[in-house]
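In: what follows is a protein structure lacking sequence information:
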């Protein structure tokens with residue numbers, strides 16, 4: 001009973017999946033090299049040198065609940081439920097070939113905050129060993145930024161308070177609202193408009209402090225039961241529909257930007273807008289690509305709009321932002337600056353137990369009981385948008401491409417080992 005299915009079932013029900021017990025492995029040094037060679041480094045901890053003089057702009061990272069790429073007109077949707085986000089496609093750096101790491105909010109928060117691939121079992125956000133990690137917030141703090149996490153619900157949900165508080169973020173959540181600041185709320189928290197109003201107040205206070213700020217705002221309204229204030233959009237909240245939830249959040253974001261443009265700090269701020277995960281990841285395969293495809297934008301007055309069509313992962317967002325700011329810093333991120341020369345396209349997508357390594361033509365999946373499966377990817381004939389296809393047929397390969405299999409195993413194995421050894425903890429001063 002100490003091996004095989006019983007042990008796997010025990011681990012599954014106890015939120016622990018030891019990579020080395022259940023997944024295929026390769027020599028540890030080789031596993032680490034699969035990641036390190038992407039950085040031209042022999043160590044996880046390495047120096048990143050900016051492309052010019054450092055720019056200490058404010059940064060606002062907005063992660064949107066359950067926003068699939070397929071909701072946007074850009075990807076062929078005809079329902080007009082994201083008019084504001086669709087307008088940003090022409091006014092931003094728009095990453096069009098972008099994948100979430102998982103299908104839960106905590107996975108998105110993990111990827112955007114720690115910039116590392118998903119690991120087997122529960123997200124780091126929900127683990128006991130989730131504090132004092134090398135994080136997006138720790139890089140900003142080292143540069144003298146004020147660092148906050150903004151959430152319209154109670155942040156003890158999904159262990160967010162423990163995770164963000166334990167990594168140096170100040171938290172603004174539902175407990176921070178006075179009764180007159182709440183016009184509408186449901187089980188998930190205050191509506192996104194109320195959070196937008198609060199965010200503006202918070203940022204106005206931060207701007208007075210004379211130090212730049214980094215704020216990560218997680219939206220809540222696009223979530224069952226999809227209720228929101230009456231009279232805001234043309235889909236009544238009584239419908240309790242996903243389309244309504246999406247359109248209301250899009251509306252609230254537009255209100256936020258209209259308010260932000262009136263503030264003195266607006267022209268000195270970079271806004272990053274990205275989904276936490278898709279609305280659904282169900283499909284006929286373990287990891288359907290359309291169940292992980294999400295939009296991502298970087299918006300600022302001083303940035304030249306362009307579309308970046310290279311495949312990338314959620315873990316690459318903040319290293320790319322640091323690259324735009326020309327930051328010099330010591331990094332342990334596994335995510336990369338995708339605008340840097342030499343970037344090799346790939347993405348990491350996973351469930352609780354299936355860990356996927358995605359390249360433009362192949363998907364390799366490692367699973368418990370030491371299983372490796374590989375698929376070649378073929379664009380399906382029918383697409384909402386032929387230019388930016390979302391749907392791919394996955395054809396199982398009889399013979400594994402060993403290089404890609406090892407890249408998949410090595411990445412997840414090295415990440416698991418570094419976390420186990422606490423090598424991913426914050427950089428010692």
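Out: Noted; the coordinates are in hand. These numbers were taken from a predicted model, which means no experiment stands behind them.
In: what pLDDT does the model give the closest residue to residue 66 other than its chain neighbours?
Out: Leaving aside its sequence neighbours, residue 66 sits nearest to residue 279 (CB to CB, 6 or more residues apart in numbering; 4.4 Å). Heads up, the C-betas are built off the backbone N, CA and C, glycines and all. pLDDT recorded at residue 279 is 93.
In: count the neighbours of residue 403 for me.
Out: A total of 10 residues lie near residue 403 under the criterion other CB atoms under 10 Å.
In: could you do residue 274 as well?
Out: By other CB under 10 Å, 23 other residues sit near residue 274.
In: isn't there a helix covering it?
Out: No - in this structure, residue 274 is strand, not part of a helix, as judged by DSSP: H, G, I helix; E, B strand; the rest coil.
In: need the strands for the stretch 301-429 of the chain, in chain order.
Out: 306-308, 312-313, 329-331, 347-350, 355-358, 362-367, 371-379, 392-396 (DSSP state E, counting those that start in this stretch).
In: possible to save those as CSV with distance to residue 270 and mean pLDDT?
Out: Shown next, in CSV, are the strands of the stretch 301-429 of the chain (distance: least, CB to CB, whole Å; pLDDT from 0 to 100):
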stretch, distance to residue 270, mean pLDDT
strand 306-308, 15, 98
strand 312-313, 18, 98
strand 329-331, 16, 98
strand 347-350, 23, 98
strand 355-358, 27, 98
strand 362-367, 32, 98
strand 371-379, 33, 97
strand 392-396, 32, 97
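In: so which of those gets nearest residue 111?
Out: strand 312-313 (7.2 Å; CB to CB).
In: would you mind measuring from residue 212 to residue 84?
Out: 26 Å (CB to CB, to the nearest Å).
In: more neighbours: these two, which one.
Out: A count of neighbours by other CB under 10 Å puts residue 212 above the other of residue 212 and residue 84, at 21 against 18.
In: surely residue 85 touches residue 297?
Out: Yes - when contacts are counted by CB atoms under 8 Å, residue 85 is listed as touching residue 297 (7.5 Å).
In: looking at these two, which is more packed in?
Out: More crowded of residue 85 and residue 297, by other CB under 10 Å: residue 85, with 25 against 19.
In: show me what contacts that one?
Out: 67, 72, 250, 253, 273, 295, 297 (CB atoms under 8 Å, 6 or more residues apart in numbering).
In: buried residues of the helix or strand harbouring the fourth one, list them for me.
Out: Secondary structure assigned from DSSP states H and E places residue 253 in helix 242-260. When burial is assessed from 16 or more other CB atoms under 10 Å, helix 242-260 yields the following buried residues: 242-257, 259-260.
In: got JSON lines for the contacts of residue 85, with distance to residue 322 too?
Out: Listed next are the contacts of residue 85 as JSON lines, based on distance: CB to CB, whole Å:
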{"residue": "67", "distance to residue 322": "23"}
{"residue": "72", "distance to residue 322": "26"}
{"residue": "250", "distance to residue 322": "28"}
{"residue": "253", "distance to residue 322": "24"}
{"residue": "273", "distance to residue 322": "17"}
{"residue": "295", "distance to residue 322": "21"}
{"residue": "297", "distance to residue 322": "17"}
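In: could the residues you listed go into a markdown table alongside distance to residue 286 and pLDDT?
Out: Listed next are those as a markdown table, based on distance: CB to CB, whole Å; pLDDT from 0 to 100:
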| residue | distance to residue 286 | pLDDT |
| --- | --- | --- |
| 67 | 22 | 97 |
| 72 | 25 | 98 |
| 250 | 31 | 98 |
| 253 | 33 | 98 |
| 273 | 29 | 98 |
| 295 | 23 | 98 |
| 297 | 29 | 98 |
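In: nearest to residue 120, of those residues?
Out: Out of the contacts of residue 85, the member with the shortest distance to residue 120 (by CB to CB) is residue 67, at 25.8 Å.
In: surely that closest one touches residue 293?
Out: No - between residue 67 and residue 293 there is no contact under CB under 8 Å: 10.6 Å.
In: okay, and the common contacts of those two?
Out: Jointly contacting residue 67 and residue 293 under the rule CB under 8 Å, 6+ apart are residue 278.
In: those two: who's more crowded?
Out: Neighbour tally, residue 67 and residue 293, criterion other CB under 10 Å: the higher count belongs to residue 67, 28 against 25.
In: chain neighbours aside, what residue packs nearest to the more buried one?
Out: Nearest residue to residue 67, sequence neighbours excluded (CB to CB, 6+ apart): residue 275, at 3.6 Å.
In: what number of residues lie near that neighbour?
Out: As a measure of burial, residue 275 has 27 neighbours, counting by other CB under 10 Å.
In: so what's residue 280 closest to, chain neighbours aside?
Out: Per CB to CB, 6+ apart, closest to residue 280 is residue 291, 6.3 Å.
In: tell me where the model's unsure across the stretch 51-200 of the chain.
Out: For the stretch 51-200 of the chain, no stretch has pLDDT under 70.
In: in it, which spans are strands?
Out: So, for the stretch 51-200 of the chain - with DSSP E, counting those that start in this stretch - the strands run 58-64, 93-95, 98-99, 146-151, 170-172, 185-186, 189-190.
In: the fifth one: which residues count as buried?
Out: So that's strand 170-172. Using 16+ other CB under 10 Å as the burial criterion, the residues of strand 170-172 that qualify are 170, 172.
In: what packs against it?
Out: strand 146-151, helix 160-165, helix 192-208 (3 or more CB pairs under 8 Å, 6 or more residues apart in numbering; DSSP states H and E).
In: separation between the nearest residue to residue 200 once chain neighbours are set aside and residue 204?
Out: Closest residue in space to residue 200, ignoring its immediate chain neighbours: residue 259 at 4.9 Å, by CB to CB, 6+ apart. Distance, residue 259 to residue 204, by CB to CB: 10 Å.
In: try residue 246
Out: Separation of residue 246 from residue 204 (CB to CB): 29 Å.
In: go on, residue 163?
Out: The gap separating residue 163 from residue 204 is 27 Å, by CB to CB.
In: same question for residue 332.
Out: In terms of CB to CB, residue 332 sits 34 Å off from residue 204.
In: fine by me, we can end here.
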